[in-house]
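predicted coordinates and the sequence they were generated for:
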Amino acid sequence: MAALCAAPVVARAAGGESRVSWSQDVFVAGGSPSVREPVDGNLFAAGGRVDIDAPVAGDVVAAGGRLQLDGAVGESLQAAAGQLFIGGKVGHDARVAGGQVEFGPSSAVGGSVAVAGGHVRLLGTIAGDVRAAGGRLLIDGTVGGDVISAAGDVELGPNARITGALRHRGGNLQRDPAAQVAGGIQSAWPFWSGAREAPARGHRNGAAIGWGWTVALAALAALLLAVSPRFQARVTATLRQQPGLSLLLGALWLVCAPLLLLVLLLTVIGIPLTLLGAALYVVLLPVAYVSTAIALGHAALRALRADAAPSWAWQAAAAALVLAALSQAPRLPWLGAAIVALVLIAGLGALALQLRRRSPTA
């Protein structure tokens with residue numbers, strides 16, 4: 001209760017970054033923010049170049065162009081950066097993404113690691129499993145669990161010690177003779193199935209949840225077409241007439257909106273606005289995804305049965321078929337995830353374009 005009632009302390013450091021302390025949590029953002037004093041709670045950081053040299057007792061959530069983490073993290077780490085270097089210890093799990101990601105030789109993760117990047121280097125100690133996706137993965141450290149890789153190429157250095165199995169789906173596998181994989185090496189396994197084979201009942205439950213989510217999205221599509229047919233027509237026309245601009249704005253929105261919400265936390269009045277904005281952002285994502293499905297279904301109707309294109313029932317049915325097809329896209333390695341991402345990004349961009357006074361007409 002005291003944490004909720006405590007007033008935030010706002011400060012601007014000499015380096016130009018803004019800093020907010022809320023109870024024991026710290027929020028920092030700027031061009032080159034640095035954290036050099038211990039944080040008793042959680043740390044939220046964003047900037048062009050972020051340096052975290054001090055220990056953080058709680059979680060760390062950080063994003064930037066370049067992120068250097070040398071301090072110890074008591075709980076979990078969630079980070080995204082163009083260049084991400086981790087040299088400290090993480091108490092629990094680490095979920096990171098970046099163009100270049102490196103866990104240095106002195107790094108240690110007490111839980112599991114989920115990483116995506118163009119070039120990933122794991123040189124430290126990881127107590128749990130590793131799930132990696134990207135262009136190239138180098139393991140030259142210790143992994144206490146399984147390694148699940150969908151990287152283009154995987155290289156095992158001489159210091160690689162994997163207690164579990166290495167399950168690899170991708171390009172080439174290079175293994176130093178000194179590398180050790182106690183659980184053996186498997187290839188061409190289904191990436192989405194997890195580190196270990198689940199029982200048949202678990203697969204059925206997962207499939208039921210997946211189809212349940214698809215049905216919910218189809219219901220949302222029918223609702224949007226019924227409640228706001230003109231707005232959806234404008235979104236469909238935007239996707240048809242300006243697909244490139246929709247993808248560009250959608251990508252910017254997907255990346256920048258969370259960062260803007262984090263920066264908004266740096267003001268007292270921005271805290272409630274951030275909570276509201278985060279809720280709206282979460283709601284907006286399925287709406288954007290469904291809007292693209294509606295546009296794709298409408299395009300199919302125009303090509304196959306133009307007389308049915310204006311019908312609400314036909315549009316809803318076409319959107320449901322598109323959503324059902326998209327639900328199976330993740331089964332396609334690499335291409336499936338890209339398709340889902342493009343559908344979401346295009347919808348976000350088309351919705352953003354509706355903010356203009358002159359939107360394309362259907």
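Done, it's in.

which helix or strand contains the spatially most central residue of the chain?
By C-alpha atoms, centre = their mean, the chain has its centre lying nearest to Ala97, at 7.9 Å. Element membership of Ala97 [criterion: DSSP states H and E] is strand 94-103.

what's the answer for Val61, then?
strand 60-69.

next, the buried residues of that strand.
Using 16 or more other C-beta atoms under 10 Å as the test for burial, strand 60-69 gives 60-64, 66-69. Heads up, the C-betas are built off the backbone N, CA and C, glycines and all.

with stretch 237-257 instead?
For stretch 237-257, burial by neighbour count (16+ other C-beta under 10 Å) applies to 237-240, 242, 246-247, 249-251, 253-254, 257.

what sits up against it?
Applying C-beta atoms under 8 Å, 6 or more residues apart in numbering, the contact partners of stretch 237-257 are 277, 281, 288, 291-292, 295, 299, 342, 344-350, 352-354, 359-362.

now swap in stretch 173-180 and tell me
Residues outside stretch 173-180 that contact it (C-beta under 8 Å, 6+ apart) are 139, 153-162, 181, 185, 187.

that stretch spans what distance, first to last residue?
Terminal residues of stretch 173-180 lie 14 Å apart, using C-alpha to C-alpha, to the nearest Å.

chain center to it: distance?
31 Å (C-alpha atoms, centre = their mean, to the nearest Å).

tell me the mean pLDDT for it?
What stretch 173-180 shows for mean pLDDT is 92.

buried ones in that stretch?
Quick answer for stretch 173-180 (16+ other C-beta under 10 Å): 173, 175, 179.

out of those residues, list just those in strands.
173, 175 (DSSP state E).

distance to Gln83 added to the buried residues of stretch 173-180, as JSON lines?
Formatted as JSON lines, the buried residues of stretch 173-180 follow (distance: C-beta to C-beta, whole Å):
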{"residue": "Leu173", "distance to Gln83": "26"}
{"residue": "Arg175", "distance to Gln83": "27"}
{"residue": "Ala179", "distance to Gln83": "26"}
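
closest to Trp213 among the buried residues of stretch 173-180?
Closest to Trp213 out of the buried residues of stretch 173-180 is Leu173 (34.4 Å), distances taken as C-beta to C-beta.

pretty sure Ile52 sits against Arg66.
No - contact criterion C-beta atoms under 8 Å: Ile52 and Arg66 do not qualify, at 11.8 Å.
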